[in-house]
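[1] Quick check, what structure comes out for this input:
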Amino acid sequence: MPGYSTYDQVGKSESFADIIANISPFDTPAQSLLKTEKVTARTYSYLEDTYRAAAVNAIVEGADASMNTLADATERSGTCQIMQVGVQVTGTADAISTYGRAKESSYQIGKALREIKIDYEHALVGLDQAAVAGSASAARKMQSLLNMTTTDVDAGSNSTDALTEAKLLVAGQTAYNNGSNPDVFMIKPADSLIVSSFAAASGRNREIQQSTKLVNAVDIYVSSFGTYRVILNRHMKSTHALLMDPSMYKLVTLRPISRTLLAKNGDSDRHQIIGELSAKHLAFADSVKISGLS
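    Numbers count the residues shown, from 1 in each chain. Reported below is the predicted structural model:
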């Protein structure tokens with residue numbers, strides 16, 4: 001018969017790791033790539049222009065000047081979208097000792113700040129969304145990067161509607177013919193497996209030598225029409241890929257993401273994380289989206 005054991009013991013101290021693990025994705029590749037621009041109204045406008053097509057240009061000696069037929073620039077407009085996350089924590093929850101965080105409200109506010117950035121990334125590339133003007137009873141919505149990219153290569157003509165190297169090359173050629181210089185190919189994670197398999201195509205060799213490390217990834221794709229960095233974005237709309245020139249897009253801010261402590265109406269503190277954000281594409285025909293993917 002064993003003596004007094006931990007099974008009989010009361011008042012044992014818990015063994016609890018003083019850390020909180022979170023495997024949820026937080027990376028926001030589109031926001032990391034693009035520069036920002038401040039606006040001062042909930043709707044904003046900008047101009048887009050193009051050169052005429054090349055033509056035979058030769059005149060006889062002494063000829064009078066002939067005038068070009070001039071065309072107006074295209075006016076584009078955008079709408080800022082209000083995004084918010086609310087956090088409410090009771091006084092007791094902030095007062096008690098906790099594992100993994102010094103104060104509950106600080107921890108929850110930190111989570112909310114990351115969550116609103118994820119929502120912004122989704123609005124940028126997770127949707128093919130047109131702008132919504134909104135009203136007193138309907139929320140305004142920003143136009144997504146995909147919707148602002150009007151040059152489209154439809155993958156639906158493939159038998160499986162999957163991304164193919166041929167479609168990427170068509171997109172690259174289309175962008176080149178349009179005068180664009182894209183250098184980023186943004187894709188969903190599942191399509192990275194397809195891009196990696198490009199290297200296994202007939203006639204291509206991958207050098208391994210005596211290395212014990214096997215690399216099966218493509219970070220840089222060199223085509224006849226340019227060199228593209230392959231960027232994975234887990235928030236990318238599953239039916240789309242985007243061959244883009246990041247310098248032709250801007251993140252637009254009317255109100256930057258910030259925290260406001262709301263009026264106290266009881267034994268809790270209420271915080272609102274809020275921002276008013278949008279995006280713009282300086283030339284809608286510049287980059288190329290591949291649509292209709294499975």
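
[2] contacts, neighbours, all on C-alpha from now
    Noted.

[3] Give the residue spans of this structure that score low on pLDDT.
    1-2, 4-6, 8-9, 12-26, 157-160, 200-217 (pLDDT under 70).

[4] quick one, strands of it?
    35-38, 43-48, 74-79, 81-90, 151-154, 184-187, 220-223, 226-232, 241-244, 249-261, 268-281, 288-291 (DSSP state E).

[5] for the longest one, the distance to its chain's centre please.
    Between the centre of strand 268-281 and the centre of its host chain there is 17 Å, according to CA atoms, centre = their mean, to the nearest Å.

[6] before we move on, back to that, let me have the strands of the chain in CSV, adding mean neighbour count and distance to residue 166 as columns.
    As requested, the strands of the chain are arranged in CSV below (neighbours: other CA atoms under 10 Å; distance: least, CA to CA, whole Å):
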stretch, mean neighbour count, distance to residue 166
strand 35-38, 14, 31
strand 43-48, 14, 30
strand 74-79, 17, 32
strand 81-90, 18, 37
strand 151-154, 18, 11
strand 184-187, 23, 14
strand 220-223, 13, 11
strand 226-232, 18, 15
strand 241-244, 25, 14
strand 249-261, 17, 26
strand 268-281, 21, 26
strand 288-291, 25, 11
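
[7] can you tell which of those is closest to residue 139?
    In terms of CA to CA, the element of those nearest to residue 139 is strand 81-90, at 7.6 Å.

[8] so what secondary structure elements neighbour the closest one?
    helix 104-125, strand 268-281 (3 or more CA pairs under 8 Å, 6 or more residues apart in numbering; DSSP states H and E).

[9] run the last query once more with 6 Å
    The contact analysis (3 or more CA pairs under 6 Å, 6 or more residues apart in numbering; DSSP states H and E) places strand 81-90 against strand 268-281.

[10] Relative to the strand it packs on, what are the paired strands and their orientations?
    If you go by DSSP bridges, strand 268-281 pairs up with strand 81-90 (antiparallel), strand 249-261 (antiparallel).

[11] just the CA coordinates of it, formatted as PDB?
    Provided in PDB are the C-alpha atoms of strand 268-281 (Å, rounded to 0.1, in the frame of the first residue of the first chain):
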ATOM      1  CA  SER A 268     -16.000  47.300 -17.900                       C
ATOM      2  CA  ASP A 269     -13.800  49.200 -20.300                       C
ATOM      3  CA  ARG A 270     -14.800  49.400 -24.000                       C
ATOM      4  CA  HIS A 271     -12.300  50.000 -26.700                       C
ATOM      5  CA  GLN A 272     -12.900  50.600 -30.500                       C
ATOM      6  CA  ILE A 273     -10.200  49.800 -33.000                       C
ATOM      7  CA  ILE A 274     -11.100  51.800 -36.100                       C
ATOM      8  CA  GLY A 275      -9.700  53.000 -39.400                       C
ATOM      9  CA  GLU A 276     -11.000  54.400 -42.700                       C
ATOM     10  CA  LEU A 277      -9.100  52.900 -45.500                       C
ATOM     11  CA  SER A 278      -9.000  52.200 -49.200                       C
ATOM     12  CA  ALA A 279      -6.700  51.600 -52.200                       C
ATOM     13  CA  LYS A 280      -6.000  53.000 -55.700                       C
ATOM     14  CA  HIS A 281      -4.600  51.600 -58.900                       C
END
